[in-house]
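>>> the following block contains a protein sequence and its predicted model.
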Amino acid sequence: MFRTRRLRKKEGIRRLVQETKLSVDDFIYPLFIEEGKNIETEISSMPGIKRFSIDRISKELDELVDLKISSVLLFGIPARKDEEGTQTWNENGIIQEAIRYIKIHYPKLYIITDVCFCEYTSHGHCGVIMDNDVDNDSTLLNISKQVLSHANAGADMVAPSGMMDGSIENIRQTLDNNGYSNLPIMGYSVKYSSSFYGPFREAAGSTPGFGNRKTYQMDPSNRHEALREAKYDNQEGADILMVKPALAYLDIIRDLKNAYDLPIACYNVSGEYSMIKAAAQNGWIDGDMVMMETLLSMKRAGADIIITYFAKEAARILDSNNI
Ligand code: PBG
């Protein structure tokens, strides 16, 4: 008889044959930084996640350092919004100030910036509006300005999330022409038009004022299209390819992992976080165990890097080696 249970008999052997292991090095922690003073606002749909002004952020950053979480993904919430999101390239804008602050006080933290406009535009869309839609090529011009100002402020990596065609090529050229040929790009290569972003939009104040994002974000039905998106980002010079959301798209993570030799990232998005938190608060699931199991599923699917609001909690559990 085939006795596969032999290798499950004891804790020691189970550890030896474990195929996938999570590590704190896998995680990127998203941070919401709001312009203003003395702000520390809990996001009601994301228990445990807050928006901070720069003068209140040190507690959070100390915690990350203590937990050995080495990378953050920054989202800015500006005081003023306008049609084009011009605050994204203001050298004294919220992200630029935050980068400088973190670099001075936490020089070891690796700073990745989300490159987009939806938190900065009055209409909440990810670029310049023309004829009731986001215009691709005029948005590319603004992306260049934004990326350059993030690089000038000291960002370590940029991550364009707007799903504009040609953005990786455009950013690579901008960076190379301005002395940043060593600054990597993580493409939000395969980003679906997903209802799992709901809580984030509350957190970042970025709900579109009209329509939806279906003309730029992908249809959840599509798998071949994901390979096309990834192919172009790869050819245009992305250093890391990302799939977003993660949990409902594990098949896509695996497709990309099999097809490319670049590191694959996934974004364990706000709605995925909130679902687990809500069920755990109701006592319907064991929140910690379900969190670790879902993070593991992303890694097993092929993600080398996981962007997750759970990073701190997962790091604590990994540290105590409970699971
Ligand atoms: C902005 C952006 C979004 C998220 C990350 N970057 C929202 C969106 O596309 O509406 C979502 C992240 C999350 O839900 O955690 N372009």
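Done, it's in. Numbering: from 1, shown residues only.
>>> I'd guessed residue 87 sits against residue 122; true?
No. Using C-beta atoms under 8 Å, residue 87 is not in contact with residue 122; the gap is 11.1 Å. Every C-beta, even on glycine, is put in place using the N, C-alpha and C of the backbone.
>>> what's the overlap in contacts for the two?
residue 81 (C-beta atoms under 8 Å, 6 or more residues apart in numbering).
>>> how about the residues of the chain by the ligand?
114, 116, 118, 126, 161, 162, 197, 200, 201, 206, 269, 270 (C-beta under 6 Å from any ligand atom).
>>> swap the cut-off to 8 Å and go again
Counting by C-beta under 8 Å from any ligand atom, the chain comes close to the ligand at 30, 75, 114, 116-119, 126, 161-162, 188, 191, 194, 196-201, 203-204, 206-208, 213, 217, 244-245, 267-273, 309.
>>> only the buried subset of these, as a PyMOL command please.
Of the residues of the chain next to the ligand, the buried ones can be selected in PyMOL as follows, counting by 16 or more other C-beta atoms under 10 Å:
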select buried, resi 30+75+114+116+117+118+119+126+161+162+188+191+194+196+197+199+200+201+203+204+206+213+217+244+245+267+268+269+270+271+272+273+309
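>>> in helices only, show me the residues of the chain next to the ligand.
198, 199, 200, 201, 203, 204, 270, 271, 272, 273 (DSSP state H).
>>> need these in a markdown table (columns: distance to residue 1 and pLDDT).
Output for these, formatted as a markdown table (distance: C-beta to C-beta, whole Å; pLDDT from 0 to 100):
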| residue | distance to residue 1 | pLDDT |
| --- | --- | --- |
| 198 | 50 | 95 |
| 199 | 49 | 95 |
| 200 | 51 | 93 |
| 201 | 54 | 88 |
| 203 | 54 | 83 |
| 204 | 56 | 84 |
| 270 | 47 | 98 |
| 271 | 45 | 98 |
| 272 | 40 | 98 |
| 273 | 43 | 98 |
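>>> farthest-separated two in those residues?
Within those, 204 and 272 form the most distant pair, 16.2 Å apart (C-beta to C-beta).
>>> can you list the weak-confidence ranges in the stretch 201-323 of the chain?
322-323 (pLDDT under 70).
>>> where do the helices sit along it?
Secondary structure of the stretch 201-323 of the chain by DSSP state H, counting those that start in this stretch: the helices cover 224-236, 250-259, 270-281, 287-301, 311-320.
>>> what mean pLDDT does the lengthiest helix in the chain have?
Counting by DSSP H, the longest helix found in the chain is helix 136-153. Across helix 136-153, the average pLDDT comes to 96.
>>> buried sites along it?
136, 139-140, 142-144, 146-153.
>>> tell me who's in contact with residue 31.
52, 57, 60, 72, 73, 74, 75.
>>> tell me the bridge partners for it.
Beta bridges link residue 31 to residue 74 when assigned by DSSP bridges.
>>> quick check: it vs the ligand, distance?
As judged by C-beta to the nearest ligand atom, to the nearest Å, residue 31 and the ligand stand 12 Å apart.
>>> what of residue 78?
Separation of residue 78 from the ligand (C-beta to the nearest ligand atom): 14 Å.
>>> how about that residue, nearest residue that isn't a chain neighbour?
residue 87 (4.2 Å; C-beta to C-beta, 6 or more residues apart in numbering).
>>> over to residue 60?
residue 52 (6.1 Å).
>>> need the pLDDT of the one you found.
For residue 52, the predicted pLDDT is 98.
>>> so which of residue 87 and residue 122 has more stuff around it?
Shown here are residue 87 and residue 122; by other C-beta atoms under 10 Å, residue 87 has more neighbours (23 against 13).
>>> what's near enough to touch the more buried one?
Contacts of residue 87 (C-beta under 8 Å, 6+ apart): 76, 78, 80, 81, 93, 94, 120.
>>> dihedrals phi and psi, the second one?
Spelled out, it's residue 78. Backbone geometry at residue 78, expressed as degrees, to the nearest 10, gives phi -80, psi 160.
>>> could you check how far residue 66 is from the ligand?
Taking C-beta to the nearest ligand atom, one finds residue 66 at 24 Å from the ligand.
>>> now do the nearest residue to residue 203 once chain neighbours are set aside against residue 160, distance only.
Closest residue in space to residue 203, ignoring its immediate chain neighbours: residue 43 at 4.4 Å, by C-beta to C-beta, 6+ apart. To residue 160, residue 43 is 24 Å away according to C-beta to C-beta, to the nearest Å.
>>> between the two, which has more neighbouring residues?
residue 160 (27 against 19).
>>> residues touching that one, list them.
Applying C-beta under 8 Å, 6+ apart, the residues contacting residue 160 are 115, 116, 143, 147, 167, 168, 171, 185, 187, 188.
>>> how many neighbouring residues does the residue lying closest to the third one once chain neighbours are set aside have?
By that I understand residue 143. Spatial nearest neighbour of residue 143, chain neighbours left out: residue 167 (5.7 Å); criterion: C-beta to C-beta, 6+ apart. Residues contacting residue 167 under the criterion other C-beta under 10 Å number 27.
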